[in-house]
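Engineer: sequence isn't available, so here's the structure alone:
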């Protein structure tokens, strides 16, 4: 009786033929771990393959932005028929470590990496009639960026017994920075229970504020490439002291106003005392006064011979404003 191999043995023999026969399989190998490089440096995205390179051999590198599906990939460079064709925005910065890439090395070299170069890179090898695998390798690549100077802000009720929130955030940094707050100066540090911070969000919560909570707080943003910091000053006020101070100021203002009023009153009294008394301004009638309208005095002498009073010739005549005739008394 003739012997025929079982189904399992047939599939095993068929798989052995496919994997051992040249030109039937393309195997692409890329790093399992994500790759990274500091901004501005040159990065090498390692990719190797195994196949029997023929006339139809083709290599393609493409790029996918973070969070986007592979179907939206953009080509970077393409090698076929012995020629290399750089494509897209990375064309001037992209090259192959081995050119031509026909000896199993398809590593991509990317110079002067930018933050926008972060994403997924596809290394794909096609070598018809090799169709046993898809010949595709995926590499996750991150451009490392130091944290930018963070911005420090505060909010909340900064009075004794109140709560305040301090926030810190850097606009740039890859990987994402972690944040740490510290209280500077010689004043006592707030108790741990009243000081809670989140290193991921960069938020510091201060509860049950006291006067010792006042001072300068520094936030430090840190990642693999470096650190940056910012500071802000927190001033905690005591409302009760404010009320006492307000009352004190009111009393002082009242005393000042009374002092000014008293000074003005005393000054006014002194001015009144210095003024002279008023005198009667009318005219007094004198016996020897000259009547109005008379220009000269009359000279009188006693005439012994006649016993009469007469005006001598040498005497001045008495005149009035109404008549120029001499009057004899």
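Structural biologist: That came in fine, so what should we check first? As the structure is a computational prediction, the values presented were derived from the model and not from experiment.
Engineer: show me the helices in the stretch 201-329 of the chain, by range?
Structural biologist: Ranges of helices in the stretch 201-329 of the chain, per DSSP state H, counting those that start in this stretch, are 239-274.
Engineer: what sits against the spatially closest residue to residue 30 that is not a sequence neighbour?
Structural biologist: Excluding the flanking residues, the one nearest residue 30 by Cβ to Cβ, 6 or more residues apart in numbering is residue 137, at 3.5 Å. C-beta coordinates here come from the backbone N, C-alpha and C atoms, glycine included. Applying Cβ atoms under 8 Å, 6 or more residues apart in numbering, one finds that residue 137 lies in contact with 28-30, 47, 122-124.
Engineer: put the buried members of the residues you listed into a ChimeraX selection.
Structural biologist: Buried residues within those, by 16 or more other Cβ atoms under 10 Å, are selected in ChimeraX with:
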select :28,30,47,122,123,124
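Engineer: report the two of the contacts of residue 137 separated the most.
Structural biologist: Within the contacts of residue 137, 29 and 122 form the most distant pair, 13.9 Å apart (Cβ to Cβ).
Engineer: how about the host helix or strand of the residue nearest to residue 30: buried residues?
Structural biologist: Assigning secondary structure by DSSP states H and E places residue 137 in strand 136-144. For strand 136-144, a neighbour-count test (16+ other Cβ under 10 Å) marks 137, 139-144 as buried.
Engineer: what do you get for stretch 117-131?
Structural biologist: 117-127, 130.
Engineer: again, but for stretch 230-242
Structural biologist: 230, 234, 236.
Engineer: so where's the stretch 1-150 of the chain shaky on pLDDT?
Structural biologist: 1-24, 131-134 (pLDDT under 70).
Engineer: count the neighbours of residue 145 for me.
Structural biologist: 22 (other Cβ atoms under 10 Å).
Engineer: an error on my part: the question was meant for residue 268.
Structural biologist: So residue 268, with other Cβ under 10 Å, has 9 neighbours.
Engineer: residue numbering should commence at 716 henceforth.
Structural biologist: Happy to do that; since the first residue is 716 now, the last one works out to residue 983.
Engineer: against residue 833, how distant is it?
Structural biologist: 85 Å (Cβ to Cβ, to the nearest Å).
Engineer: residue 791 too?
Structural biologist: For residue 791 relative to residue 833 (Cβ to Cβ), the value is 14 Å.
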